[in-house]
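Chemist: What follows is a predicted protein model with its sequence.
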Amino acid sequence: MALAGYLSTGLLIPSSVTAVLTTLNSAADLTALATNWGEQDELVALELAESLSALEAYERQLDAWRDQLVAQRAELQTEREELAQHSANQAALQAQAYDDRAELQAKLKHLASELAAERQTAAVLSTTQLAELADLRSELTDCEHRRQQSDLAAAKLATEVATLKLRETELTALLAAAQLSAALGPPPPIASGNAPPSPAPASSEPTKRSGSDPVVGSVVAQFDKLRLQRQAAKQSRTA
């Protein structure tokens, strides 16, 4: 009866359990079955509690993982933004480097053109300077030749002057001898017989005689010639 009343409650009992219950005929069997169910219920409750604890622990682990994933996601987002900013900076630097390189290339091209112009100017100046140097060397050679000619002419003039001085000395001695001979007069002629000596000439006689003496005239002419040569030598040295 108890078993029939228990079965008539309308509870959803598994067929296996129902089969077991139908085999039970006594209260002892029901008591044992209830005890067994109670133990199984406690075991199930304990397992359920352990499962719930494990589930809560797993949920906490999941929450921790979620928080970690959120943090990692935030870090990744920050790194992504930093990478984007770095890429933008790199692009700006590359653009600036490209502009700087273009500017440097333009400057180098301008400097190259200026250098080519300077080299051309230097080449022209070098050619001009070489020509001027050749002219200066030619002029120096001419000057050296003229100096040698001047030295030769000076040496020749010095020789001529020494010769003229020697001739002047000789002519001076000749002139002195001529004047002395003119002052003394010619010796008296030796006449035959005892003719009286001729009277002494006047004071102006030696001068007239010396002027008419060919030796004295020759000496005077040579003195005039010597004076003219010395004047010509002085003029040539001055020129």
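Modeler: All right, it came through fine.
Chemist: for the record, mean pLDDT for stretch 76-88?
Modeler: Stretch 76-88 carries an average pLDDT of 92.
Chemist: try stretch 40-49
Modeler: Here stretch 40-49 scores 84 as its mean pLDDT.
Chemist: try stretch 59-70
Modeler: In this model, stretch 59-70 has a mean pLDDT of 92.
Chemist: can I have that stretch written out in PDB, keeping just the CAs?
Modeler: The C-alpha trace of stretch 59-70 is given here as PDB (Å, rounded to 0.1, in the frame of the first residue of the first chain):
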ATOM      1  CA  GLU A  59      34.000  31.200 -13.200                       C
ATOM      2  CA  ARG A  60      36.500  33.200 -11.100                       C
ATOM      3  CA  GLN A  61      39.300  31.800 -13.300                       C
ATOM      4  CA  LEU A  62      37.300  32.800 -16.400                       C
ATOM      5  CA  ASP A  63      36.800  36.300 -14.900                       C
ATOM      6  CA  ALA A  64      40.500  36.600 -14.200                       C
ATOM      7  CA  TRP A  65      41.200  35.500 -17.700                       C
ATOM      8  CA  ARG A  66      38.600  37.900 -19.000                       C
ATOM      9  CA  ASP A  67      40.200  40.800 -17.000                       C
ATOM     10  CA  GLN A  68      43.600  39.700 -18.300                       C
ATOM     11  CA  LEU A  69      42.300  39.500 -21.800                       C
ATOM     12  CA  VAL A  70      40.800  43.000 -21.400                       C
END
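Chemist: Specify the next element, helix or strand, located C-terminal of the lowest-mean-pLDDT helix or strand in the chain.
Modeler: Using mean pLDDT, DSSP states H and E, the weakest-scoring helix or strand in the chain turns out to be helix 205-212, at a mean of 42. Next along the chain after helix 205-212, taking DSSP states H and E as the criterion, comes helix 214-238.
Chemist: so what secondary structure elements neighbour that following helix?
Modeler: With contacts taken as 3 or more C-beta pairs under 8 Å, 6 or more residues apart in numbering; DSSP states H and E, helix 214-238 sits against helix 27-184. In this view, the C-beta of every residue, glycine as well, is placed from N, C-alpha and C.
Chemist: Much appreciated, bye for now.
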